[in-house]
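Visitor: need a 3D model of the following:
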Amino acid sequence: MPDIPWSTPTRAAPDAEVYVMASRFETATLAGAFRFLLKAPGIIGQMRKAPGAHGVALRARVFSRTFLTLSAWEDRDALHRFARSEPHRSSARAATAFMKESTFTRWTVRAGELPIGWAEAERRLAEQRTAY
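Guide: Numbering: from 1, shown residues only. Below is the predicted model:
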């Protein structure tokens, strides 16, 4: 599956501060990676409709069993409302059965800096993984 490029569900004012989250998921098996992949389009679709969503992208490396997500939100509460809603909530719970490792990082930027590039997201995720 190719990457799902950055899309902007709703634009924020360029000088508004937005809440960014990047995540890295590694599945324990290739079968788990395919299970993750099958759920991804529905979750991305949900994000594109979520109130307060200002951007979303996915990088899928199925045969490496690694997935990266990148999203921008109006604020922390908008992200949390999305995470607690369906189908994300059920999918996230089910994924724990086949996940090897998950890493998350969050920061804020001015909306005019969107979209965030993968290099920045991966740098921040790597810093988060070495912080433990």
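Visitor: which stretches of this protein form helices?
Guide: Assigned helices in the chain, in chain order: 30-49, 76-83, 88-95, 118-130 (criterion: DSSP state H).
Visitor: chain neighbours aside, what residue packs nearest to residue 89?
Guide: Leaving aside its sequence neighbours, residue 89 sits nearest to residue 83 (CB to CB, 6 or more residues apart in numbering; 7.0 Å). (Each C-beta comes from the backbone N, C-alpha and C, glycine too.)
Visitor: same thing with residue 28?
Guide: With CB to CB, 6+ apart as the measure, residue 100 is the residue that lies nearest to residue 28, at 4.1 Å, once sequence neighbours are left out.
Visitor: ok, now residue 40?
Guide: Excluding the flanking residues, the one nearest residue 40 by CB to CB, 6+ apart is residue 58, at 6.0 Å.
Visitor: the one you found pairs with what?
Guide: Applying DSSP bridges to residue 58 yields these beta-bridge partners: residue 4, residue 69.
Visitor: tell me the contacts of it?
Guide: For residue 58, the contact set (CB atoms under 8 Å, 6 or more residues apart in numbering) comprises 3, 4, 40, 44, 67, 68, 69, 70.
Visitor: ok, the last one touching residue 55?
Guide: Yes - counting by CB atoms under 8 Å, residue 70 sits close enough to residue 55 to count as a contact (7.5 Å).
Visitor: find residues that contact each of the two.
Guide: Jointly contacting residue 70 and residue 55 under the rule CB under 8 Å, 6+ apart are 6, 115, 116.
Visitor: tell me the centre residue of this structure?
Guide: Closest to where the C-alpha atoms of the chain average out (CA atoms, centre = their mean) is residue 69, at 2.9 Å.
Visitor: tell me how far it lies from residue 14.
Guide: Taking CB to CB, to the nearest Å as the measure, residue 69 and residue 14 are separated by 24 Å.
Visitor: residue 57 now?
Guide: 19 Å.
Visitor: the more surrounded of the two?
Guide: The neighbour count for residue 57 versus residue 14, taken as other CB atoms under 10 Å, is higher for residue 57 (22 against 10).
Visitor: surely the more buried one meets residue 115?
Guide: Yes - when contacts are counted by CB under 8 Å, residue 57 is listed as touching residue 115 (7.1 Å).
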